[in-house]
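J.: what would the 3D arrangement of this be:
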Amino acid sequence: MQFTLLAILLTGCCADIFMTNPKGSNNRLNENTNNRANGARLFDSQNNNKGGYNVGERGVEANNEDHTQQYQMEYYGSGPGREDKSHLVVEWAHQHGCGDNPKVRCNNVIQYMCMNQGSDQDYPAGNEESEEEGKKRANYMRDGTSTERQVHIQGLGRLDKSDEEYLARVAKAHAAITAEKGLQESFLWYDMCKYREANAGLFRADQTIEGDRKSNFDGKKYASSRKTRQNPGGARSGFECPEERDYYPYWQPTLQGPYDPKLQRTPWIDVAYLGETDNCDDIIKNSFNRHNKHRCVLAGARDYGKSITEEGCQAEGGKWVEFESYLEVLENVNSKEECKQFDAETKSSSVVWRPLRSDSEVERCIVKAPSPACQKAASTRNNHLGNVLDSPLHSTRFHMQLPYFPSGETKRCVLRVRYNITTGDYDPRNTFADVNGDSSPVTNDPTISLLKGEPLDVTLAINTAQFGRTFQDRSHIFKILPRSDDMAGKHLHNLNVRGQRGNIVQNFPSVEYDFVPDVLRMNSGDLVHIQWAGYNTNPAGRAGEGTDATDRSNFVLMAGDLDTSYPDIIDKAEFWKNVKSLTAPGASPKDIAVSLASAGYYCGHNAHKTCPAELSLSGNTREVLQGQLNNANASYSGHVLTVSGSGKYFYMCTRNNNFTNRSQKGTIIVVEKEDSS
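T.: Take a look at the predicted model:
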């Protein structure tokens with residue numbers, strides 16, 4: 001069976017793709033070393049061990065033991081209307097070029113996966129042995145506090161022969177999964193991957209992929225989908241499925257297990273494909289967002305097996321079942337008529353009344369994700385983790401519209417950016433298994449004669465496992481919050497801080513502090529959510545201000561233009577006269593300015609509805625704010641502000657902006673809506 005592969009195998013070495021907003025982990029967690037501790041902790045990035053950012057922290061000091069002291073960025077989602085859009089700038093840099101660069105063929109794929117946040121009690125316990133807690137540990141998305149990788153109990157080399165054998169293995173596997181280790185994909189997703197056959201129609205060049213499983217129904221040995229051209233040995237990274245990582249769009253549903261009405265874990269949701277636009281129709285048509293996918297479902301406790309084709313599934317004794325993708329399922333909606341009402345009110349996506357799978361008659365109200373964006377990739381140069389060829393210069397970016405969840409549930413999510421590159425030595429869209437092995441158009445490290453019959457031979461540096469390769473980076477867990485009523489009908493822009501402590505050499509391939517976006521254009525009446533995540537676990541001795549190894553940021557208006565260095569007095573700054581906080585409705589403009597200037601150390605100038613007197617500047621009973629923000633928290637949830645009027649405003653971070661060392665400044669441009677063109 002052949003599949004048209006629209007994006008190429010993901011892999012990397014060296015410094016290949018690093019996400020700067022949201023901050024990409026590159027598998028880092030909380031280590032205070034230059035290199036990450038475990039490159040296989042959650043996923044296979046194929047990146048340099050030195051890149052990535054730690055998980056955010058709430059406090060002033062490092063705390064690597066208590067997950068409640070971690071800070072997850074909190075973004076407000078979009079609303080149901082066309083004007084209720086929440087914008088997030090996804091930003092990254094990749095090394096090997098893209099766009100109109102003639103030296104490489106490439107694309108970027110942006111996706112996210114979410115689940116219900118639930119209550120504090122839903123976070124998995126560390127050592128509870130109940131079946132329910134075991135399932136929770138195997139499925140609940142979390143950053144964890146340990147840099148160790150989760151254990152996978154794989155059982156024998158064949159498929160489980162009986163329900164009893166399978167259930168005993170799964171129970172043992174759940175018991176081995178611990179709450180303190182991170183988890184993104186579920187245990188069951190990787191287990192399905194390990195049993196599912198690899199796609200035999202794929203081009204593998206001269207790479208040899210050995211069988212690692214033995215099926216029950218025909219006794220034949222086969223290679224599972226954990227083995228790919230890029231990963232021929234089947235190395236495991238977290239519970240990621242290597243074949244799904246390496247190919248897009250994937251031919252199987254990426255659902256992480258049976259539908260759970262409580263957690264409502266989504267599959268991978270496609271946000272954008274950035275590459276050549278001549279195949280956009282195929283990309284959108286084959287996205288799981290809108291195009292249902294099939295999986296072979298077997299009878300018994302283990303309902304997954306080998307086959308990836310309908311014919312093979314029938315031979316295996318299974319049913320070829322069609323699965324729906326979903327953003328969420330509205331469990332409180334009990335009729336088709338009520339579901340239609342949600343569909344009429346939701347402009348950003350469709351809401352449908354149908355079963356989640358074709359072998360079920362139970363109809364549910366399903367919120368579908370919109371089709372992914374398909375756009376031309378930005379142009380970048382080779383051998384360079386830098387800016388795109390654009391004016392003004394900036395890193396590679398995509399302006400993502402955050403999803404709308406009609407249930408009003410808070411979601412916990414992870415976002416990934418994959419960077420797929422291939423060579424022009426063969427046509428990646430039309431090269432398949434019929435030219436594998438000796439017929440491969442490319443071979444490992446070939447020696448080429450430059451003059452026929454004469455000894456002028458050169459050896460090429462070709463690794464066929466990397467001639468078509470995927471790199472990736474992923475965020476830490478973040479939350480998507482439902483909007484409040486006073487956010488309805490308004491565009492919301494997220495303004496964040498990228499980077500970490502250290503100079504450019506110490507940080508590379510990560511970056512120094514800056515604001516994202518550093519130039520924000522918005523209409524009068526739009527909302528801006530100013531927020532940042534930092535941590536106290538930077539490597540010791542890195543360049544920076546204030547307490548060693550710590551991140552701190554703040555937001556103050558500047559007295560002059562961007563080429564100056566002094567802040568404006570709060571009472572003089574025009575910006576504060578034009579803002580109102582929707583997340584601290586009792587705050588005055590001075591309260592808002594004081595809280596952002598102090599990184600939240602003071603919740604306002606005076607006490608107000610969400611600011612106790614003892615935590616305000618005027619009523620403070622603690623030590624005063626240290627001038628370099630040392631006693632402020634590393635992360636701050638900030639304010640959602642509505643900005644009126646028009647003007648151009650320059651702002652800065654007083655701690656990190658250090659002329660000739662690093663610049664942390666930004667611009668907000670506000671225009672009346674009719675002048676936005």
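J.: tell me where the stretch 1-150 of the chain is predicted with low confidence.
T.: Applying pLDDT under 70 to the stretch 1-150 of the chain flags the ranges 1-15, 127.
J.: what about the helices in it?
T.: 131-137 (DSSP state H, counting those that start in this stretch).
J.: one more: the chain?
T.: Assigned by DSSP state H, the helices in the chain fall at 131-137, 163-176, 187-195, 242-246, 280-286, 310-315, 336-345, 504-507, 589-597.
J.: contacts for the third one next, please.
T.: Yep, that's helix 187-195 we're talking about. With Cβ atoms under 8 Å, 6 or more residues apart in numbering as the test, helix 187-195 has contacts from 138-139, 150, 152, 154, 159, 170, 173-174, 177, 213, 224-226, 236, 238-244, 254, 256-257, 302, 304-306. Heads up, the C-betas are built off the backbone N, CA and C, glycines and all.
J.: and that helix with helix 163-176, angle?
T.: Here the directions of helix 187-195 and helix 163-176 differ by 130 degrees (axes from the mean of the first three to the mean of the last three Cα atoms, to 10 degrees).
J.: report the distance from helix 187-195 to the chain centre.
T.: Relative to its chain's centre, helix 187-195 lies at 21 Å (Cα atoms, centre = their mean, to the nearest Å).
J.: can I get that helix in CSV, CA atoms only?
T.: This file holds the C-alpha atoms of helix 187-195, laid out as CSV (Å, rounded to 0.1, in the frame of the first residue of the first chain):
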residue,chain,number,x,y,z
PHE,A,187,1.2,5.1,27.2
LEU,A,188,-1.5,3.6,25.0
TRP,A,189,-0.5,5.7,22.0
TYR,A,190,3.0,4.3,22.1
ASP,A,191,1.7,0.8,22.8
MET,A,192,-0.4,1.0,19.6
CYS,A,193,2.6,2.3,17.7
LYS,A,194,4.8,-0.6,18.9
TYR,A,195,2.2,-3.2,17.7
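J.: of the contacts of helix 187-195, buried ones?
T.: When the contacts of helix 187-195 are checked for burial by 16 or more other Cβ atoms under 10 Å, the buried set is 138-139, 150, 152, 159, 170, 173-174, 177, 213, 224-226, 236, 238-244, 254, 256-257, 302, 304-306.
J.: so which of the residues you listed are in strands?
T.: Using DSSP state E, residue 213 are the members of these that sit in strands.
J.: from residue 160, how far out is the closest residue in space to residue 26 that isn't next to it in sequence?
T.: Leaving aside its sequence neighbours, residue 26 sits nearest to residue 52 (Cβ to Cβ, 6 or more residues apart in numbering; 2.8 Å). Distance, residue 52 to residue 160, using Cβ to Cβ, to the nearest Å: 37 Å.
J.: the two: which has the busier surroundings?
T.: For residue 52 versus residue 160, the count of surrounding residues by other Cβ atoms under 10 Å is larger for residue 52: 27 against 20.
J.: contacting residues around that one?
T.: 18, 24, 25, 26, 27, 28, 36, 473, 510.
J.: cutoff 10 Å now
T.: Counting by Cβ atoms under 10 Å, 6 or more residues apart in numbering, residue 52 touches 18-19, 23-29, 31, 35-36, 39, 45, 473-474, 476, 500, 509-510.
J.: likewise residue 627?
T.: 545, 546, 654, 655.
J.: check residue 648 too.
T.: Contacts of residue 648 (Cβ under 10 Å, 6+ apart): 519, 521, 561, 575, 667, 668, 669, 670, 671.
J.: buried subset of those residues?
T.: Buried members of the contacts of residue 648, scored by 16+ other Cβ under 10 Å, are 575, 667, 668, 670, 671.
J.: related to what we said a few turns ago, okay, the contacts of residue 627 in CSV with pLDDT, neighbour count and distance to residue 618 next?
T.: Putting the contacts of residue 627 into CSV (pLDDT from 0 to 100; neighbours: other Cβ atoms under 10 Å; distance: Cβ to Cβ, whole Å) gives the following:
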residue, pLDDT, neighbour count, distance to residue 618
545, 97, 19, 27
546, 98, 18, 25
654, 98, 21, 21
655, 98, 22, 23
